[in-house]
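Novice: Sharing a model prediction with you, sequence too.
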Amino acid sequence: MKHLYLDFNEITEISADSFTNLNNLALLSLNNNQITEVSNKSSLNHLNSLKTLLLNYNKMSSLLCHFYSDSIQNLSISHNNISHISLTCTKTFEKLTKNLDISYNALGSKSINVNDEIIMKLSPKLVAISLAGNNLSSTIQHLDNFQDLRIISMGQNNMSLDAIKQTLRKLGNKWRCRTINRWMLFNNNCFHFLVDLSHTGLNKIPTDTFIVLAGLLKVL
């Protein structure tokens, strides 16, 4: 078995022997359950083929990564109530090369420094990140550290026009024409960004900011 979907159930925890012998499992989806944390030893960390873990629409308030498989490249944990990131997630973040969707949580709480606790710890090869719906107000920094970043979602936050400008300018700081790997969305030789700024309360279009992405911006 390579793909397992357990969505829309009443699962509250993942026991240590839940996925025993599923050595070829590449995708595990536990969306729309009642999971509060992944805390059972060996519940996921023995799944050495696991690439995609989906935990959207659960009941997690803290992100604990003690028992996540080191092989995960795509982590989606949107629509929880996460307001705390454990130091144990550093190793997990470093391994993500495809996608981190941590949208619609509570990252805007004063207890989380998004730039230090998330952005700085992510793999420079990450392709997509979603921070939408987190009540963020500060500039997202260090985006120019990512070599392959193609998609960024920042909609439904409380970022000022200046914070949005500063964030987007980071995307234009690097030369983005290079060899594209097969996972990329667009079949050409230069990076095109997909930027989502929906529901950000903009009262004017920051055209002076988009100039730095001229020829690179695919979708707004």
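Specialist: Received the coordinates, thanks.

Novice: could you pull out the helices for this structure?
Specialist: Taking DSSP state H as the test, the helices found in the chain are 89-95, 114-117, 161-171, 207-210.

Novice: As a markdown table, those helices with mean neighbour count and distance to Lys51 would be great.
Specialist: For the C-beta atoms, the positions are set from N, CA and C on the backbone; glycine is no exception. Rendered in a markdown table, the data for the helices of the chain read as follows (neighbours: other Cβ atoms under 10 Å; distance: least, Cβ to Cβ, whole Å):
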| stretch | mean neighbour count | distance to Lys51 |
| --- | --- | --- |
| helix 89-95 | 17 | 10 |
| helix 114-117 | 16 | 24 |
| helix 161-171 | 18 | 26 |
| helix 207-210 | 12 | 34 |
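
Novice: so can I have a markdown table of those helices showing mean pLDDT?
Specialist: Formatted as a markdown table, the entries for the helices of the chain read as follows, by pLDDT from 0 to 100:
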| stretch | mean pLDDT |
| --- | --- |
| helix 89-95 | 95 |
| helix 114-117 | 94 |
| helix 161-171 | 85 |
| helix 207-210 | 66 |
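
Novice: Let me have the ones you listed in CSV, extended by distance to Val38.
Specialist: Conversion of the helices of the chain to CSV gives the following (distance: least, Cβ to Cβ, whole Å):
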stretch, distance to Val38
helix 89-95, 11
helix 114-117, 18
helix 161-171, 30
helix 207-210, 39
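
Novice: Which one of those lies nearest to His199?
Specialist: When those are compared by Cβ to Cβ, helix 161-171 sits nearest His199, at 12.5 Å.

Novice: Which secondary structure elements does the closest one sit against?
Specialist: If you count contacts as 3 or more Cβ pairs under 8 Å, 6 or more residues apart in numbering; DSSP states H and E, helix 161-171 packs onto strand 193-196, helix 207-210.
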